[in-house]
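Chemist: sequence-free structure coming up:
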């Protein structure tokens with residue numbers, strides 16, 4: 001990405017995929033296992049194979065957990081948990097607009113940054129931000145004398161002001177903003193604070209959510225029945241939903257959050273799903289904001305419970321079931337076992353929204369087996385098993401990766417030429433930037449990586465000095481606009 005829009009890119013303006021500090025910060029022997037950013041975030045986290053976490057980017061609310069606030073942290077800086085006798089090994093991370101969550105190998109979760117809606121899950125709604133990582137409060141989680149925990153967290157996903165966890169059993173926990181039904185508890189708790197200002201029943205502690213639903217029409221179809229014309233909709237026009245009988249036993253394998261919506265995929269099983277009338281094909285659930293149809297239910301309506309996506313069921317998915325999903329700001333991508341990608345929603349400012357999950361045929365028709373997908377605020381990426389990466393959308397900061405002098409947008413999938421022959425195993429799309437995790441295991445990988453440009457600390461030393469001279473403007477864009485005073489007539 002690029003720090004500011006300029007006709008002449010500076011050294012720090014990376015308009016094509018660039019290896020970050022392969023010698024000056026990350027040694028040649030250091031391997032990255034996990035990368036994290038999100039559609040509304042201007043900061044990022046990378047975790048090494050030996051459990052060390054590094055963070056960089058915006059830090060005006062202490063979201064990097066370094067013990068201080070600053071406008072930005074320009075270089076990857078090691079993150080740690082204060083007060084711990086031994087260095088915590090990390091296995092996962094996720095970031096929101098103003099907060100960061102880290103998952104420890106010990107099964108605990110640590111949070112830092114803005115807490116305006118309780119998204120840190122520290123069980124204290126009165127604390128609006130913290131600048132050092134603090135242990136999160138998870139329902140039913142107890143640390144035992146042998147160092148084990150009763151609820152071991154393995155995955156995390158952050159939205160703009162909401163957070164979600166998955167434990168080793170695949171159970172779902174959420175905290176933060178309840179607007180749009182993001183908590184998945186069946187309500188928003190909306191109430192009036194003052195004229196023109198609404199409040200919501202937010203949550204400050206990670207609570208388990210065990211109710212999953214499907215539309216009445218999907219339930220009837222799964223049972224072999226037929227839905228009458230006009231059936232499945234109540235008098236207000238809202239889709240009728242029924243609870244899944246096995247909701248309490250549903251185990252989720254993955255979860256992703258966009259700006260204000262979630263998508264989660266059930267863990268694969270070898271037995272039929274009880275009470276659902278379905279086979280063992282993993283189910284996909286979405287909830288939260290339904291803008292632009294990004295939940296995949298064919299309508300623009302919020303969902304307050306995790307709802308089964310009926311469009312991703314049926315014979316076509318019996319041997320090609322969903323295995324991965326990502327959420328952009330207003331779109332959702334689902335990848336299947338054989339590398340097909342289905343898209344719903346909208347990520348470009350122009351054009352119509354895609355209201356139902358649709359196969360990206362430009363990839364499928366050319367036998368591309370997609371292994372990594374990513375979606376940002378206005379960008380989408382797909383990387384294949386053959387070492388081909390494509391992107392499309394709007395990328396005014398160079399985040400599409402086409403290179404200097406190339407177009408900053410594309411309506412259709414376009415090759416990211418610098419990554420040709422590079423095997424990308426993960427993509428994370430942020431606000432104005434994109435992260436790639438590229439395999440480096442054999443001679444072919446080394447050969448492909450030689451084409452990718454590099455940047456080291458010395459290359460951007462002047463930029464770093466400029467950044468260090470800036471003072472933090474904490475929460476500047478969070479403050480409500482002051483009313484203009486009418487001038488008194490003389």
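Modeler: Yep, it's here. It should be emphasised that the depicted structure is a prediction, and the values quoted were computed from it without experimental measurement. Numbering: from 1, shown residues only.
Chemist: ok, residue 387 - contacts?
Modeler: 419-424, 448 (Cβ atoms under 8 Å, 6 or more residues apart in numbering). For every residue, glycine as well, the C-beta is placed using N, CA and C.
Chemist: go on, residue 90?
Modeler: 47, 51-53, 79, 102-105.
Chemist: Bridging across strands, which residues link to it?
Modeler: residue 104 (DSSP bridges).
Chemist: quick one: pLDDT of it?
Modeler: Looking at residue 90, its pLDDT reads 98.
Chemist: One more: the one 3 residues further on?
Modeler: As predicted, residue 93 sits at a pLDDT of 98.
Chemist: element containing it?
Modeler: According to DSSP states H and E, residue 93 maps onto strand 90-95.
Chemist: likewise residue 397?
Modeler: Counting by DSSP H and E, residue 397 is part of no helix or strand.
Chemist: isn't it right up against residue 430?
Modeler: No - using Cβ atoms under 8 Å, residue 397 makes no contact with residue 430, being 10.1 Å away.
Chemist: Measure how buried the closest residue to residue 143 other than its chain neighbours is and give me the count.
Modeler: Sequence neighbours aside, residue 149 is the residue nearest to residue 143 in space, at 5.4 Å (criterion: Cβ to Cβ, 6 or more residues apart in numbering). Per other Cβ atoms under 10 Å, the neighbour tally for residue 149 reads 19.
Chemist: was I right about residue 149 contacting residue 108?
Modeler: Yes - taking Cβ under 8 Å as the definition, residue 149 is a contact partner of residue 108 at 6.5 Å.
Chemist: any residues in contact with both of these two?
Modeler: 141, 143.
Chemist: before we move on, the earlier item: just the ones of the contacts of residue 387 in helices?
Modeler: Taking DSSP state H, the ones among these that sit in helices are residue 448.
Chemist: Going by distance to residue 259, which of the contacts of residue 387 wins?
Modeler: residue 424 (23.9 Å; Cβ to Cβ).
Chemist: Enumerate every residue touching the closest residue to the closest one other than its chain neighbours.
Modeler: Nearest residue to residue 424, sequence neighbours excluded (Cβ to Cβ, 6+ apart): residue 383, at 3.7 Å. By Cβ under 8 Å, 6+ apart, the contact list for residue 383 reads 370-373, 389-390, 419, 423-425, 427, 436.
Chemist: tell me which element residue 383 is part of?
Modeler: Using DSSP H and E, residue 383 falls in strand 379-384.
Chemist: ok now that strand, how far from the chain's centre?
Modeler: Once both centres are worked out by Cα atoms, centre = their mean, to the nearest Å, strand 379-384 turns out to sit 14 Å from its chain's centre.
Chemist: same check, this time on stretch 151-164
Modeler: 10 Å.
Chemist: so how far does it reach from one end to the other?
Modeler: Length of stretch 151-164, first residue to last, Cα to Cα, to the nearest Å: 14 Å.
Chemist: Give me the phi and psi angles of residue 417.
Modeler: phi -60, psi -30 (degrees, to the nearest 10).
Chemist: so what's it up against?
Modeler: By Cβ under 8 Å, 6+ apart, the contact list for residue 417 reads 402-403.
Chemist: hey, where'd the strands end up in the stretch 301-450 of the chain?
Modeler: 303-308, 322-327, 331-336, 341-345, 354-359, 370-375, 379-384, 389-394, 409-415, 424-430, 433-438 (DSSP state E, counting those that start in this stretch).
Chemist: The residue lying closest to residue 439 once chain neighbours are set aside - how many residues pack around it?
Modeler: Spatial nearest neighbour of residue 439, excluding adjacent residues (Cβ to Cβ, 6+ apart): residue 423 at 4.2 Å. Neighbour count of residue 423, defined by other Cβ under 10 Å: 24.
Chemist: now stretch 165-174: mean pLDDT?
Modeler: 98.
Chemist: Over to stretch 458-466?
Modeler: 90.
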